[in-house]
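Participant: can't give you the sequence, but here's the structure:
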């Protein structure tokens, strides 16, 4: 039984890690591989933001309470993310 629980836990962790990697890859598409690009010339430079600022921005985009010109685009990007997903993405960007 312990072995089965360990296998399930490792599987869940690996699946979660793949989701975060895919999410940061989607971010890098507009913000650059090292997050040093201004997406479409309109966004802040993500690498210059703190982890807390990234989390606040992503949660704000999701809630519709944050953002300017790219607000609608970003809402679509983050709508399916949980708070844990958002925190993991911010941690991955700031590592």
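Facilitator: That came through fine. Bear in mind that the values here come from a model prediction, so they are computed numbers and not experimental data.
Participant: is it true that residue 92 touches residue 27?
Facilitator: No. Using CB atoms under 8 Å, residue 92 makes no contact with residue 27, being 9.1 Å away. Heads up, the C-betas are built off the backbone N, CA and C, glycines and all.
Participant: Who has more neighbours out of those two?
Facilitator: Taking neighbours as other CB atoms under 10 Å, residue 92 and residue 27 compare with residue 27 leading, 22 against 16.
Participant: quick one: that one and residue 87, what's the gap?
Facilitator: From residue 27 across to residue 87, the span is 14 Å (CB to CB, to the nearest Å).
Participant: Contacts only, for residue 26.
Facilitator: residue 77 (CB atoms under 8 Å, 6 or more residues apart in numbering).
Participant: Specify the local secondary structure of it.
Facilitator: Residue 26 falls in the helix class when you classify it by DSSP: H, G, I helix; E, B strand; the rest coil.
Participant: And the pLDDT at it?
Facilitator: At residue 26, the model reports a pLDDT of 84.
Participant: Numbering from 12 from now on, please.
Facilitator: All set: I'll call the first residue 12, so the last point we hit is now residue 37.
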